[in-house]
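Engineer: Need a 3D model of the sequence below.
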Amino acid sequence: MKTALVPLAQGCEELEAITITDILARAGIRVTTAGLNGDLVTASRGAVLKPDADINDLVNNHYDLIVLPGGLPGADHLANSAPLLSMLQSQYDAGKTVAAVCAAPKVLAKAGILPKHRYTCYPTSLDECKLEEPSTGEAVVVDQNVITGRGPGVALDFALTLVEQLCGRDKKTEVELALVR
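Structural biologist: Now for the predicted structure:
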């Protein structure tokens, strides 16, 4: 069974966090959500999320995917989590998939991953990524083992792309058809 880690921080974008975890679970991927300090997470629009674990307890675990929901100040909190940055670097160095949507690509930039890849992000987060304009205007960008999405409006397509990358096109189609889009 494929596995995914979805770190959740105070002020994360709930549309992205919920969509990602839901779609991955529908594909049969074992999803673990992790908070940064063991507390409940209040998302940017007020939804309260209960992480499965504390990130500090997972640093030695291995996943097929680590995917970061965006939102502010959630992405800022993720970018300031030393355990998460270490996990992202190890994940990337092992050739496993890392992904981020909305403002969260700046976390990949801070981990030293983003400068090596084409990416997209929320338009107002470009300066925080400290990189040039994204090399593509696409809503979702796949560049080797790095996947990025532009913002909450593409959360479903972003999550389905994650499924396709981890489980193949047939599984993505199966999940998408069941959504009755």
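
Engineer: what's the following helix or strand after the helix or strand of the chain with the lowest mean pLDDT?
Structural biologist: Taking mean pLDDT, DSSP states H and E as the measure, the helix or strand of the chain with the lowest value is helix 126-129, at a mean of 63. Using DSSP states H and E, the helix or strand that follows helix 126-129 towards the C-terminus is strand 140-143.

Engineer: How far does that next one sit from its chain's centre?
Structural biologist: Averaging C-alpha positions (CA atoms, centre = their mean, to the nearest Å) puts strand 140-143 12 Å from its chain's average.

Engineer: what sits up against the next helix or strand after that strand?
Structural biologist: Remark: after strand 140-143, the chain's next helix or strand is strand 146-149, criterion DSSP H and E. Strand 146-149 has contacts (CB atoms under 8 Å, 6 or more residues apart in numbering) with 16, 67, 92, 97-102, 105, 108, 113-114, 116-117, 119-121, 134, 139-141, 155, 157-158, 161-162, 165. No exception for glycine: its C-beta is placed from N, CA and C like everyone else's.

Engineer: Check stretch 78-96 too.
Structural biologist: With CB under 8 Å, 6+ apart as the test, stretch 78-96 has contacts from 5, 7, 9, 12, 36, 55-56, 58-59, 62-66, 68, 97-98, 104, 106-108, 110-113, 145-146.
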